[in-house]
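Trainee: give me a model of this one.
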Amino acid sequence: MKHNLSILVENHSGVLARVANLFARRGFNIDSLAVGTTDDAKISRITVSVIANESEIDQVLKQLYKLPIVLKVKRLERDAHISRELAFIKVTCNDQTRTSILQIADIFRGHIVDVSTSTATIEISGDSDKIEALKNLIAPFGILEMVRTGTIAVERGERVLSLTDTEN
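Mentor: Purely as a prediction, here's the structure:
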């Protein structure tokens, strides 16, 4: 089962490597990883998607808390969070295919962010299924390059992950 973890860490060099090494030592393949600073420049949030069973993920959570650079960890429950990815997909196009590519991008609420005489680059954000669906529809035109972020996620409603919150 896929789990999304939100981890608040100290924002300094080497922190990401230490967290990633913890997953590697336990034999987990990280499905997705995104890191960025929070509203406090001293703190970064790492969002990790990993495939593991319940006991494995519980063990990872315990191990994360043992790292002194980890300030807070939260497992994001399936329907209690919002998650998105961002992708750029560069496809071949010409005068005959450009309109079709624009229409497909529009259906997925994607945006053309660059166009040339022989290429178009689509920007799309959404869940991984949406990005995969666009990729599959656009593939026959010829994907030249695809760049994709990891998942970012935040809890729905009034729930927050902060250093002052007392929940897990």
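
Trainee: parallel or antiparallel, which strands does the longest strand seen in the chain pair with?
Mentor: In the chain, assigned by DSSP state E, the strand with the most residues is strand 81-92. In the sheet, strand 81-92 lines up against strand 119-126 (antiparallel), strand 143-148 (antiparallel), strand 152-155 (antiparallel) (DSSP bridges).

Trainee: what residues of that strand count as buried?
Mentor: 81, 83-91 (16 or more other Cβ atoms under 10 Å). Heads up, the C-betas are built off the backbone N, CA and C, glycines and all.

Trainee: would you list these in TSV and tack on distance to Leu33?
Mentor: Compiled in TSV, the buried residues of strand 81-92 are given as follows (distance: Cβ to Cβ, whole Å):
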residue	distance to Leu33
His81	16
Ser83	13
Arg84	15
Glu85	11
Leu86	14
Ala87	15
Phe88	18
Ile89	20
Lys90	23
Val91	26
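
Trainee: apart from its chain neighbours, what residue comes closest to the residue most central in space within the chain?
Mentor: By Cα atoms, centre = their mean, the chain has its centre lying nearest to Thr151, at 1.3 Å. Leaving aside its sequence neighbours, Thr151 sits nearest to Ser32 (Cβ to Cβ, 6 or more residues apart in numbering; 4.5 Å).

Trainee: okay then, goodbye and thanks.
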